[in-house]
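> Provided below are the primary sequence and the corresponding predicted coordinates.
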Amino acid sequence: MQRPFHILACVIMALTGLALLAMRAGAAPPQTGSFRISGMTVDAESGAPLAKVTVSLLSTHGNREAIGTVMTGADGRFEFNQLAAGKYALLAQRRGYLTQSLDEHEGFSTGVAVGPDLVAEGIYYRLQPEASISGHVLDEANDPVGGAQVMLFTEVPGGMAKMQQTRQALTDDQGFFRLPHLLPRKYMLAVSARPWYAEHPMPYERFDAEGKAEVIEPAPSALDVAYPLTFYLDATDAESATPIALSAGERATADVMLQAMSAIHLRIHTPVDSAKPGLPYNPAGVSVRKQVFDADVYVQPATFQRAGLTEVGGLAPGRYEVSITTRDGEKQTESRQELDLSTSRDIESKENAAALVAVGGTLRFEDGTAAKNASGSTVWLRELKSERKFAAPVEADGSFAFGQSLGPGKYEVALAEPGVYLKSVSASGARVAGREISVGSKPVKLALIAGRGLATVDGTAFREGKPRAGAMVVLVPEKPAGQEILFRRDQSDSDGTFTLPSVVPGRYVVIALERWGIRWLDPDVLRTYTPQGQAIEVQPNGKYKVTVQVQ
């Protein structure tokens with residue numbers, strides 16, 4: 001069972017965990033019927049019954065409001081009586097344990113089906129003890145560092161293995177931090193901070209009696225220092241970081257000591273705008289990023305700008321990606337440079353520079369209906385290298401334009417509108433491969449064709465001839481490489497049933513897997529399972545019923 005499908009979340013591939021919705025103050029009255037749901041809450045590690053667990057019965061439609069709530073006794077048992085036939089969700093909460101839906105995996109859970117010939121009693125509801133990481137951030141004098149940003153990274157379960165940031169916290173004035181509500185998993189911890197006493201001397205302007213500006217270069221300062229991004233245990237590069245392997249319910253301690261280093265200044269030479277040659281300021285757009293595992297962490301250094309020069313100060317030694325955007329009249333140019341900085345240096349913005357180009361286009365429907373029907377849609381572009389996303393609303397005449405010029409690279413095109421899907425992409429000024437476009441040095445005009453009629457695939461997962469609950473069901477497109485947006489997933493409910501909504505017409509294979517956590521987007525992994533799956537050809541507005549064997 002999954003939460004109601006949200007098309008925009010699919011479009012930008014932000015399929016995240018189940019949102020545990022707050023219950024309304026006045027719960028709906030219990031449904032009248034003759035069926036019952038009962039079971040026992042237990043510690044997932046020890047199997048011991050858990051008392052004082054609040055178990056809520058939720059509807060599986062609309063706002064998933066609470067139908068009833070009970071608290072378990074010493075034996076951990078709960079039950080809900082006089083229920084009408086149908087399907088329900090369960091939610092359990094207890095101090096010291098993660099708030100969980102029944103058999104929750106990666107934002108999916110098992111719904112409980114009740115009715116004739118359905119077993120909804122004797123449920124074994126396993127609750128996972130929550131773990132946490134806490135500690136202190138200290139400086140080289142063993143003094144606390146307040147206001148430090150503590151970032152926690154872990155391999156995000158899902159289609160491909162990626163180490164992404166999952167939590168963050170700021171240290172208090174005693175340098176203390178705590179990261180609660182964690183699953184048993186391997187984590188990496190990193191700290192970003194600035195010395196409170198640091199000075200980063202930057203050029204400044206002094207004006208004479210006639211108002212003429214003179215740029216003054218400051219004297220060096222012994223306090224021009226910075227903390228490098230520091231990992232547990234006190235490593236300054238990700239390869240040397242020590243992982244924190246949390247067990248269920250563990251309260252781990254991870255102290256980090258920061259060591260100040262001489263700060264680096266980066267002087268970026270930029271062209272003067274030929275359309276405004278007398279302008280003293282021609283500020284370049286500069287962003288500094290540091291890749292940490294598979295995530296980008298933005299750095300906010302001190303800056304000084306004047307025509308032809310941007311100075312960035314307060315950087316710790318390390319590897320950065322610096323993006324520089326400059327303008328010359330109507331022409332914008334972007335330079336992306338990967339720099340391994342050990343000392344202050346000068347760079348030219350023209351190195352690796354490429355012109356930014358305008359991207360826009362039209363959206364029309366395949367049946368030729370008026371483009372005004374597209375109003376309310378949004379076209380999305382996702383840059384494949386950086387994962388940055390750009391949005392452009394579709395106007396009443398079907399036109400759209402991205403508000404900022406885009407640099408060269410590969411982008412995935414997606415469409416967000418309920419009941420509508422992107423059928424084809426063509427373009428002038430860019431190469432097209434399926435839903436991917438390669439932007440170069442020319443303005444891009446996209447011609448998008450949308451189709452109506454998303455389909456629904458319902459089914460039942462079986463194992464050894466019996467319906468199987470808790471299986472991961474994946475709808476795999478015929479050509480899975482580069483087609484993340486076409487995948488759909490669900491978890492089979494207590495009667496083995498599942499629903500895969502908002503399916504784009506095309507050819508697919510439905511697979512059901514006993515084990516969660518596999519790389520279900522990886523074509524090499526999928527080849528192990530798709531031969532035993534159920535092939536299906538989906539037509540617009542189709543409604544399908546399939547059966548699939550759990551592997």
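Alright, I've got the coordinates. Only a predicted model underlies this, so the values are computations on that prediction, with no experimental measurement involved. Numbers count the residues shown, from 1 in each chain.
> Quick one: low-confidence residue ranges for the stretch 251-400 of the chain.
273-283, 370-375 (pLDDT under 70).
> no no, the chain
Applying pLDDT under 70 to the chain picks out residues 2-32, 62-63, 158, 213, 273-283, 370-375.
> dump the residue contacts of the residue nearest to Arg515 when sequence neighbours are not counted.
Closest residue to Arg515 apart from its sequence neighbours, by CB to CB, 6 or more residues apart in numbering: Met472 at 7.7 Å. No exception for glycine: its C-beta is placed from N, CA and C like everyone else's. By CB atoms under 8 Å, 6 or more residues apart in numbering, the residues touching Met472 are 105, 108, 489, 491, 512-513, 515-516, 520.
> let's see it at 7 Å
Listed by CB atoms under 7 Å, 6 or more residues apart in numbering, the contact set of Met472 reads 105, 489, 491, 513, 516.
> Switch those over to CSV; also include secondary structure, distance to Tyr227 and neighbour count.
Output for the contacts of Met472, formatted as CSV (DSSP: H, G, I helix; E, B strand; the rest coil; distance: CB to CB, whole Å; neighbours: other CB atoms under 10 Å):
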residue, secondary structure, distance to Tyr227, neighbour count
His105, strand, 38, 18
Arg489, strand, 41, 20
Gln491, strand, 44, 27
Leu513, strand, 45, 19
Trp516, coil, 39, 15
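> burial of Ala85, as a residue count?
Neighbourhood size, Ala85 [other CB atoms under 10 Å]: 13.
> That one against Gly115, yeah?
Yes: counting by CB atoms under 7 Å, Ala85 does reach Gly115; the two are 3.6 Å apart.
> Kindly point out which residues are neighbours of both of the two.
Common contact partners of Ala85 and Gly115 (CB under 7 Å, 6+ apart): Phe35.
> domains of this structure?
Split into domains by automatic domain parsing, the chain comes to 7-127, 130-262, 359-452, 455-549.
> Could you dump those domains into a markdown table and include distance to Glu351?
Converted to a markdown table, the domains of the chain look like this (distance: least, CB to CB, whole Å):
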| stretch | distance to Glu351 |
| --- | --- |
| domain 7-127 | 32 |
| domain 130-262 | 22 |
| domain 359-452 | 14 |
| domain 455-549 | 31 |
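> so which of the ones you listed gets nearest Gly308?
Of all the domains of the chain, the one in closest proximity to Gly308, counting by CB to CB, is domain 130-262 (10.8 Å).
> chain center to the closest one: distance?
Centroid separation for domain 130-262 versus its chain: 21 Å, with CA atoms, centre = their mean, to the nearest Å.
> again, but for stretch 542-551
29 Å.
> where along the stretch 1-150 of the chain do the strands fall?
Taking DSSP state E, counting those that start in this stretch, the strands of the stretch 1-150 of the chain run over residues 35-43, 54-59, 66-71, 77-83, 86-93, 100-101, 112-114, 123-127, 131-138, 149-156.
> buried set for the longest one?
By that I understand strand 35-43. 35, 37, 39-43 (16 or more other CB atoms under 10 Å).
> Mind giving me the packing neighbours of that strand?
Judged by 3 or more CB pairs under 7 Å, 6 or more residues apart in numbering; DSSP states H and E, strand 35-43 is in contact with strand 77-83, strand 112-114, strand 123-127.
> Put together JSON lines for those, with mean neighbour count and distance to Ala353 on each row.
Shown next, in JSON lines, are the helices and strands packed on strand 35-43 (neighbours: other CB atoms under 10 Å; distance: least, CB to CB, whole Å):
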{"stretch": "strand 77-83", "mean neighbour count": "18", "distance to Ala353": "64"}
{"stretch": "strand 112-114", "mean neighbour count": "24", "distance to Ala353": "59"}
{"stretch": "strand 123-127", "mean neighbour count": "19", "distance to Ala353": "55"}
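> would you turn those into CSV with distance to Leu182?
Converted to CSV, the helices and strands packed on strand 35-43 look like this (distance: least, CB to CB, whole Å):
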stretch, distance to Leu182
strand 77-83, 26
strand 112-114, 27
strand 123-127, 15
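> show me what contacts Gly314?
Counting by CB under 7 Å, 6+ apart, Gly314 has contacts 198, 200, 226, 263, 301-302.
> From the residues you listed, pick the one nearest Ala535.
Pro301 (54.5 Å).
> Run a quick neighbour tally on that closest one.
By other CB under 10 Å, 20 other residues sit near Pro301.
> residues in contact with the helix or strand containing Gly360?
For Gly360, the element it lies in under DSSP states H and E is strand 359-365. In this structure, residues lying in contact with strand 359-365 by CB under 7 Å, 6+ apart are 371, 373-374, 377, 379, 394, 398-402, 406, 439, 444-450, 452.
> Check which residues of it are buried.
For strand 359-365, burial by neighbour count (16+ other CB under 10 Å) applies to 359, 361-365.
> I'd like to know which of the helices and strands packed on strand 35-43 lies nearest to Glu417.
Glu417 lies closest to strand 112-114 among these, at 32.3 Å (CB to CB).
> Run through the residues that contact Leu384.
Contact analysis of Leu384 by CB under 7 Å, 6+ apart lists 410-412.
> got TSV for these, with secondary structure and distance to Leu189 too?
TSV is the format used below for those (DSSP: H, G, I helix; E, B strand; the rest coil; distance: CB to CB, whole Å):
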residue	secondary structure	distance to Leu189
Lys410	strand	33
Tyr411	strand	33
Glu412	strand	32
